[in-house]
Structure formats: structure tokens, C-alpha cells
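>>> Here is my input, please return the structure:
(chains A, B and C)
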Amino acid sequence: MTHALTRLTSRSQFLAVAATRRKCARVGVVLQARARNDGVAAIGIGFTATKKIGNAVARNRAKRRLREAARAVLPKLGLPGTDYVAVARAETGDTPFLQLIAAFEDAALNLARAPHAQAGGAAR
RNA sequence: CCAGACGGUCGGACGGCCGCGGUGCUUCCUUGCCCUUGCGGCAGGGCAGCGUCGAGGAAAGUCCGGGCUCCACGGAAACGAAGGUGCCGGGUAACGCCCGGCGGGGGCGACCCCAGGGAAAGUGCAACAGAAAACAGACCGCCAACCGGGCUUCGGCCCGCGGCAAGGUUGAAACGGUGGGGUAAGAGCCCACCGCGGACGCGGCAACGCGGACGGCAUGGCAAACCCCACCUGGAGCAAGACCAAAUAGGGGCGGCACGCAGACACGCGCAAGCGGUCUGCCGUCUGUUUCCGGACAGCCGCCCGGGUCGGUCGCGCGAGGUGCCUGGCAACAGGCAUCCUAGAGGAAUGGUCGUCGCCGUUGCCUCGCGAGAGGCGACGAUACAGAACCCGGCUUACAGACCGUCUGGCAUU
RNA sequence: UGGGGGAUCGUCUAACGGUAGGACCGCUGACUCUGACUCAGCUAGUCUAGGUUCGAAUCCUAGUCCCCCAA
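Predicted coordinates:
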């Protein structure tokens, strides 16, 4: 089954995902996840690249490659109703693309195995 | 052929597969409004299909100049503060930019570099060294002609009053330089040449250049020290600004309901129960510091209005525009004609990936050649700087490489 | 995006345009049986590149990096 992808844009959305502390780092990508628990099945995805990656050209290129990887992976392996944030790393721009996709898949599966409800409703 | 100078152009190509943004048309779905209720009209949204367009020479740094928008000011000018610019002429909407010229410096040369106004308006600065660092002065020195004194072997010697600024030393810099005359020794004291200043003449729009009577050396340096002079500048910035406009809270208005308890009444309506009215006491909150006393507010629901946040729309792509030709001009540039319309995103599109090729470097093999080398095939590596964010004119900085034109120096050949 | 400020030994700081000074740290030596304290000495710096000036940490220009403010 596949689900529609919606883009995360605002700072508050990124902070909400980061606040769950659920992340998985692989070569070329750090993936964060947060279950929204709002009944909407769509998968949210946001991309970010820090200045450590390089200049604007390098940052945009890293985000574009992550978008392509997310488009290939998340409709199959992403959990419905979950927001993901993909963080670019220094090697994102020149990792072979198949390797980048494999890393993305591995990270998505790893986050899917972890206890789901606890991570999302963690407002303590 | 080698080395170099200047100006300009480009800055990977093609093809699969999968995608993104704008826009036009079409089918379908959908929201709101309007009515003449119809596969109606208007405005908008969405999926899909087809067509079409989609980063740069610096998009960068944000160092200048403008457009545009809002704010301030009645208009204009002058003065002042603060900041900036600074040879002359021209170009430009404007500029700290560009072009041409002048002056100074560098290079054999093509050519390159220079914040390059004023130091006789004033204030100030120059460590150390040195006698002295800017109204000159005299440390080491030089002199013994004049005046005075002393000694004397009668040649002269010494001292004082003095004269001098040539020589020495230091320094980044020492009050013109060289030579000769002159003198007691000296000194532009005199002369020649050089340097400097320079009335005036000539050329040039001007900066300035050429000549130069005469002067007799004056006016040392620093203004990217303060400063003086001339000229320029109101402030903020598209996150400017304009419009539409949730939920919640609060403001204003209208309507409806509610408007406590007890007591009294000769009040109104009603047959009555009762409802309302007036008065007194009590109760809630706030307030005048407290009491007394006085004042104010009272709750709920619905609708409307204006402000306004999240959000959205516009601003936002026809312009000091590009290209070609002609005309004027040394040029920057200007004018005319023709022709073209060419990105508009919003965490931010213009790509991701694969293949083939090109280009460059290293290297291996083969062929040709006496040789320098040339060609072919392959392997590996590299393929730059960098992403519009309101727009335009400049400057600055970054950049693998490729190409074109003009010119200079050298070598060879004719 | 716009505005403002800064850069000096490893760290924190001084320095009218004239030899870059101090404190802490580090190292060496002395003192001590040893360590600490103390004393003496040493090492080490003007962000980068140009320019003005006789001379630049200082003045000017360009660049690099950092910090702060508004939204």
C-alpha cells in the first residue's frame, strides 16, 4: 500500500519531529520520525541541510538527492500518519545513489520496528 | 615558432527512465456568488492529457548609484551638523562607474600602475641618532685681516673681542648642486652650467605643455594628522507597502431571555392564581486609604460593525530592456529604423539517475619517423567558481578550461 | 534581508604613528628528602593581501572569520 506524501515546511514542524529523539543515522542521511496520532494517513517528510554541508549549491544538491530517495522509499516503507525529517550529511552529495537509497531504506525499516505508540504520544 | 600585452566570446554535448515550477488549451471533479433554474454566467481550487517556457558571468560579496514603496516636511533657497567625493574635459537617470586627455612612476616594448586639490589660512607631528629637525643654530672645526693684550730669538707665536658656515659626524630628511674666481678663512659674495621660482608671451575649452625677462635661493616633508576649499547626500527599506480575512480573547451596537431574598403599599393589569410597579432592609464585585456615607458594575444567548493575529492574495516581471543595421563621435555613448518578449519560486522549482561522447592530465601498448614528435587503441583520474528571491547601472571577489581578434619583443626563413 | 561591532602569545588583556608590555598556562633552574608555595630565567603574538608614511598593531582599500541587534 502507498500513501500520499506531504511536505513539512514550518520551523515548528521540524522542531516537533526533532523533539521525539527518535532518529537513525546511516551513511548520507539521518532520519527522524514522529507519529502525529491525528487520524490522517498521509506521510509527512521534511528535508534539511546545515551550513556544515557546504555552500548553497551543495546544500540544495543534497536536499534534491534526499527528495528523490524519499520518493522511492517512503511510499513503500513509511508508516502512515508519521512525519519524517531527513537530515543531509557531509557525504550526501557524492555517495552513489543506490547506496544512498539502501541507507534510506535501512533507516526507515529501523524506525518502523521501534515501538510506535510510545514514541508518538510522548507528551509527558 | 617561442615569450608576452590588451580586448572580447563561451563556459560541456546527445539520448533513455523517473520527476519539479510557471503558463495556454481540453476533459472530468469541486467551492462560492448571481439569476433569466440551465451540462447557464462570473470568480476560484484539484487530478489528468497535450503544447510551450524555465538561472549566472559572476545569480556571490553587499562596497557605491538609481527606480519603486512608506514615513517626515506647506514650496523654494541658504546656513549648520554628520558622512562622502577630490587632476582636467566628456558620457550617463545617477555614481566612488566608464571614455579621452594631462602629470608622476614602472617596463627593451606592446602596455601597466597611481585618493593625483590646497603645506605663503591656521593648529600639530618627526622616536632613536645627531651640534642642530624648522622664528634656525654652532659640537668637532676653520681664520688671525680689523681692534685690544701678552711673549719674542723681531721671523713670528699665544690669548681675548671677534669673523665663518666650506669640511666632519647622525639621520628617512640638514636651509640648492658641480666647477671656477674670490677671501684671513669663508659665504650666490661674483661667474658658468644644472636645478628652483617666475612677470609675460605662445598653444590648448581645461588640467597642462613650450619659451622665458628677471630673481639670487626664497616656499623642506607629512593633509590615507586635525583642517581649509569645491561639490554631493532627508530617513527607512519588498520582511517596503496594499488588500482579503479563521479560531479565541477583548471593544461597540441591536434584539431576546433573565434581572436575587424578605417585608410594606391606599399603585396598574387580571374573575382568580399571579404578573408588574414603588419604597425599606439584607447579600456579590470594584472604587474613593479604613468606618460612616457615596458612586459604579451586574448574567446568558443570537446577530451585526470596526480594529486585528495565523493564513492567503497582490506588489512581481515591457524594462534607463535584448539583437541587427545605419548615422554622429577618437571613444565612453547618443540618435534613428527594423525585430524579439526571454525564469518568477516561496524550506524555495529549473532536477535525480544511467549510458555514450567530447575536453584535460598521468600512464601502458601499437604504427609512422634518423630525430624532435605525430597518430591510433586502452586504463585511471579530473571536468571549475557557483543557485535568481523587488528590479536596474557599476565596482569588488571566485573560477577547470576552450576559442577569436589586435599588438609587442626575440629567433628562423624568404 | 537589513544594521552595528570586533580580530594582539595556548587563554585573558595593555600599547600619543617610533623596541609590542602584563597576568595565567607551559618549559628550565634554584629552594626541599619529595611535592606545593616562593624566587630567577626562557619560549611564544599584531587575521590575510596591497597602499600612504622615513617608519603601520595603530591610518586607508579589498578580502577572510567571529559576535551582537531587528524581523
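>>> how about the residues of chain A that lie near RNA strand B?
A:7-11, A:14, A:46-48, A:55-57, A:60-61, A:63-65, A:67-68, A:71, A:96-98 (CB under 7 Å from any atom of the strand). For every residue, glycine as well, the C-beta is placed using N, CA and C.
>>> Any of these buried? List them.
A:8, A:14, A:46-48, A:61, A:63, A:65 (16 or more other CB atoms under 10 Å).
>>> Which ones among the residues you listed map onto helices?
Judged by DSSP state H, these include A:14, A:61, A:63, A:65 as members of helices.
>>> tell me the least confident of these?
On pLDDT alone, residue A:14 ranks lowest of these, at 76.
>>> Residue A:95 in helix, strand or coil?
Per DSSP: H, G, I helix; E, B strand; the rest coil, the local secondary structure of residue A:95 is coil.
>>> Do you know the pLDDT at it?
pLDDT recorded at residue A:95 is 78.
>>> now residue A:108
86.
>>> Hmm, it is touching residue A:82, no?
No: under the criterion of CB atoms under 8 Å, residue A:108 is not in contact with residue A:82, lying 9.8 Å apart.
>>> who touches residue A:43 in this structure?
A:3-6, A:74-75, A:78-84 (CB atoms under 8 Å, 6 or more residues apart in numbering).
>>> Tell me the spacing between it and residue A:76.
11 Å (CB to CB, to the nearest Å).
>>> Does residue A:18 lie in a helix or a strand, and which?
Applying DSSP states H and E as the criterion places residue A:18 in helix A:11-19.
>>> so what secondary structure elements neighbour that helix?
Secondary-structure packing of helix A:11-19 (3 or more CB pairs under 8 Å, 6 or more residues apart in numbering; DSSP states H and E): strand A:29-35, strand A:43-48, strand A:82-88.
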